[in-house]
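>>> what shape does this take:
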Amino acid sequence: MTALCALTLLLATPPPTPEPEPAVAEPTLVLRPFVSVTNLQFNDDKPAAPLTVSPNPPLALGLAASWKGLGAAVSFAVDSVGGDAGLAASEATDFSLFWHGQQWAVDLFAQRYRGLYEDDEDAGLCVDATLCGQWPRGTVDRYGGTVTYVWDSAFSMRSAFAQAGPQKPSGGSWLLMAGADRGTVSLPAAGAPARKATVMGGMLGGGYGHLWRSGAWWGAVLVQVGLGPLQAEVYGGDPFWDLGLKTNLKFSGGIDLDDWFLGLNGFADRFGQVGDQGEADQSSVSWQTIYVELFGGLRF
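Residues are numbered from 1 along each chain as shown. Next up, the predicted model:
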């Protein structure tokens with residue numbers, strides 16, 4: 001009888017609850033110094049007088065810092081990587097703010113370039129200063145922002161592009177995007193008013209992002225496309241409205257060892273009119289950028 005009571009008591013006693021595993025601490029402070037190269041172009045595809053201008057592609061040094069996904073980055077040109085036969089280095093300053101949560105991401109930017117040169121469609125940036133237009137005091141000012149919603153938290157922009165947390169397992173997600181962009185190019189000439197062109201607009205769209213991870217190595221890609229109204233005012237002409245298109249392509253890859261990381265970031269974007277105006281005296285304007293960055297960093 002005693003044995004039966006003991007067995008009954010044993011069966012009625014719930015098994016001990018296992019101790020929960022300690023949570024992995026989320027890094028709070030991330031520092032990411034980087035070196036970058038930017039190729040920016042403003043295109044005016046007016047059939048009667050097409051024009052493409054660029055800064056001498058700047059080589060820049062910068063630093064990004066973030067706290068739990070909220071951060072900022074700033075960079076300054078230290079040299080140029082374009083032709084050097086009489087072309088002075090362009091000044092460049094690039095500033096950005098970002099917040100990358102689990103499913104929302106906000107990216108804001110402001111850029112200023114000084115020292116512009118005319119591009120040749122066939123040869124690229126002029127390599128002989130005597131053969132192309134130069135605007136040493138010419139400036140480009142661009143600013144804007146993008147808000148992205150990640151449909152599936154299997155993909156993290158915070159991990160893939162800001163390195164604000166350890167890399168997640170491989171996964172992808174569809175994205176929703178809203179953005180706004182404004183750019184102004186000013187080409188001052190001696191004894192004459194500066195030629196100015198301004199393009200601005202807002203876009204709605206979507207895209208897809210995917211992160212691949214194998215051990216400590218990772219790679220990520222993101223594609224976004226948006227459409228919306230665009231307004232342009234070119235060289236003192238009447239402002240006009242048109243359908244605008246914005247495209248973003250981002251990529252990232254490297255090695256991540258939790259406390260430190262090394263990698264490569266890059267993007268290509270285009271913002272401008274969907275098609276040509278079709279008349280000889282009407283402009284068809286757009287901005288396009290190619291950017292590559294080498295970085296390293298620490299998490300604390």
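>>> so which residue is smack in the middle of this structure?
The residue lying closest to the centre of the chain (C-alpha atoms, centre = their mean) is F267, at 5.8 Å.
>>> helix or strand for the closest residue in space to L70 that isn't next to it in sequence, which one?
The shortest distance from L70 to any non-neighbouring residue, by C-beta to C-beta, 6 or more residues apart in numbering, is to W99 (4.8 Å). (C-beta placed from N, C-alpha, C; glycine too.) Following DSSP states H and E, one finds W99 within strand 91-100.
>>> given that strand, what are its sheet partners and their directions?
Note on strand 91-100: by DSSP bridges, its sheet partners are strand 70-80 (antiparallel), strand 104-120 (antiparallel).
>>> let me have the ones you listed in a markdown table, extended by mean neighbour count and distance to P58.
Below are the strands paired with strand 91-100 laid out as a markdown table (neighbours: other C-beta atoms under 10 Å; distance: least, C-beta to C-beta, whole Å):
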| stretch | mean neighbour count | distance to P58 |
| --- | --- | --- |
| strand 70-80 | 18 | 4 |
| strand 104-120 | 19 | 7 |
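>>> please produce JSON lines containing the ones you listed, extended by mean pLDDT and distance to K246.
As requested, the strands paired with strand 91-100 are exported to JSON lines (pLDDT from 0 to 100; distance: least, C-beta to C-beta, whole Å):
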{"stretch": "strand 70-80", "mean pLDDT": "92", "distance to K246": "21"}
{"stretch": "strand 104-120", "mean pLDDT": "88", "distance to K246": "13"}
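>>> right, and the ones you listed - which one's nearest V292?
For these, proximity to V292 was assessed by C-beta to C-beta; strand 70-80 is nearest, at 12.6 Å.
>>> past the helix or strand of the chain with the lowest mean pLDDT, which element shows up next along the chain?
Counting by mean pLDDT, DSSP states H and E, the weakest-scoring helix or strand in the chain turns out to be strand 124-125, with a mean of 48. Once the chain leaves strand 124-125, the next helix or strand it forms, by DSSP H and E, is strand 134-150.
>>> from the chain's centroid, how far away is that following strand?
Relative to the mean C-alpha coordinate of its chain, strand 134-150 is positioned 11 Å out (C-alpha atoms, centre = their mean, to the nearest Å).
>>> packing partners for that strand?
On a contact count with 3 or more C-beta pairs under 8 Å, 6 or more residues apart in numbering; DSSP states H and E, strand 134-150 meets strand 29-44, strand 51-55, strand 104-120, strand 171-189.
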